[in-house]
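**Q** sequence first, then the predicted structure, then my questions.
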Amino acid sequence: MTLAPAEPDPDANKVPVIYVAGAPFSGSTLLGLALGNSDGICDLGEVGFLERMWHDQRMCGCGTALGDCPFWAGIRTALDQADKPLLTLQTSQPAHPIDAKNTRFSLKLMRAMGLRDQTTLGRAALQDYATRNRHFFAAVREATGAVLLVDTTKTAARAIALARDPGIDLHILLLHRDPEAVFAAGLSRMRARNRVLAPLLPLLQMIKLRRQYRDAVKCAHLVGPDRLCTLHYEDLTRDPASAETRLSHWLGRPITFGLSKDRHIPRDRYHGFTGSRSINRDAGAKTVALRPADPPRPMGWGATALFRALRWTLPHPPTQP
Ligand SMILES: [Zn+2]
């Protein structure tokens, strides 16, 4: 009997990227850090904000400025050597608004009217954005030797652009967390930044959270079932071994967070630059404690009542058993 030649894997030459989706304050920084401890996996943090953070010389999670961090310097060298259009660490690309921290009003308005970025920014600009990111990811793989890259940006606009690129093998890892905890954390951040609109902030935070949940739903629908995995932050922190097993099955390779017996994760491979303030602030620590998720922080009876009254309006991102 002769064996039929193996079917060539159509995804073999694609750059595999695990894109973490979900609302901010869902624990994506910790998840990326944990994933980055597995052999062959490199956590890049919120790549969508890298250019701006680099430009502003923000601090890396390892405790040095991004420009001085040996990890990012190695990647910068790889970028400089790559003879391809890629992230330029400038903000000149036409599709750059996709990565803006605060989306400009005209783009928000277009999106609210149902117009896709493809229409607003132009198909060519979006393809250019995706190509540059693919080349960036390829240069990072070259520099780090990693097989899989983790991008925790979470925005739907970026995921949609990356999903359009035939050279990127996009995996969506959808992170869920108790919506009340996410709402309370977001509201706390909003209150710290804006004291003038205080009475309106719970409602504004609810509107923002709805948009973030809509983004999560959009991300989940970008890929087929084999490229989608959902994970609850509460499960990750309560039973990390099960999360490792689940992710290993999904990715077809062993995933280990490097947990110690006292439930600490090493952070020596962590070079994120945005996300969890508590993780980034604690750059001198060698590990991050994996504690069971905290209950929602107190936010006052008015905000709690508003959230519980409107909770049903949040879109439902898919979950898996
Ligand atoms: Zn660093």
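**A** Done, it's in.

**Q** whatever residue of the stretch 201-321 of the chain ends up closest to the ion: what secondary structure?
**A** Closest residue of the stretch 201-321 of the chain to the ion, C-beta to the ion: His271 (3.6 Å). C-beta: built from backbone N, CA, C; applies to glycine. Assigned by DSSP: H, G, I helix; E, B strand; the rest coil, the conformation of His271 is coil.

**Q** next: Ala216.
**A** What three-state DSSP gives for Ala216 is helix.

**Q** count residues in the vicinity of the residue nearest to it when sequence neighbours are not counted, would you?
**A** Sequence neighbours aside, Pro317 is the residue nearest to Ala216 in space, at 4.2 Å (criterion: C-beta to C-beta, 6 or more residues apart in numbering). Using other C-beta atoms under 10 Å, Pro317 is surrounded by 22 other residues.

**Q** you'd agree Pro317 is up against Val217?
**A** Yes - the pair Pro317 / Val217 is scored as a contact, 5.0 Å apart, by C-beta atoms under 8 Å.

**Q** contacts only, for the residue of the stretch 201-321 of the chain closest to the ion.
**A** Neighbouring residues of His271 by C-beta atoms under 8 Å, 6 or more residues apart in numbering: 43-45, 60-62, 69, 71-72.

**Q** take those residues and keep only those in helices.
**A** Among those, the members falling in helices are 71-72 (criterion: DSSP state H).

**Q** restrict the contacts of His271 to contacts with the ion.
**A** Among the contacts of His271, the residues within reach of the ion (C-beta under 5 Å from the ion) are 60, 62, 69, 71.

**Q** look up how far Leu173 lies from the residue nearest to Ala216.
**A** The gap separating Pro317 from Leu173 is 12 Å, by C-beta to C-beta, to the nearest Å.

**Q** returning to what we had before: neighbour-wise, give me the winner out of the ones next to the ion among the contacts of His271.
**A** Most neighbours among the ones next to the ion among the contacts of His271, by other C-beta under 10 Å: Cys60, with 23 neighbours.

**Q** mind telling me what element Val182 is part of?
**A** helix 179-193 (DSSP states H and E).

**Q** who are the packing partners of that helix?
**A** With contacts defined as 3 or more C-beta pairs under 8 Å, 6 or more residues apart in numbering; DSSP states H and E, helix 179-193 has these neighbours: helix 201-220, helix 301-310.

**Q** with mean pLDDT and distance to Thr152 added, can I get those helices in JSON lines?
**A** As requested, those are exported to JSON lines (pLDDT from 0 to 100; distance: least, C-beta to C-beta, whole Å):
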{"stretch": "helix 201-220", "mean pLDDT": "95", "distance to Thr152": "12"}
{"stretch": "helix 301-310", "mean pLDDT": "96", "distance to Thr152": "25"}
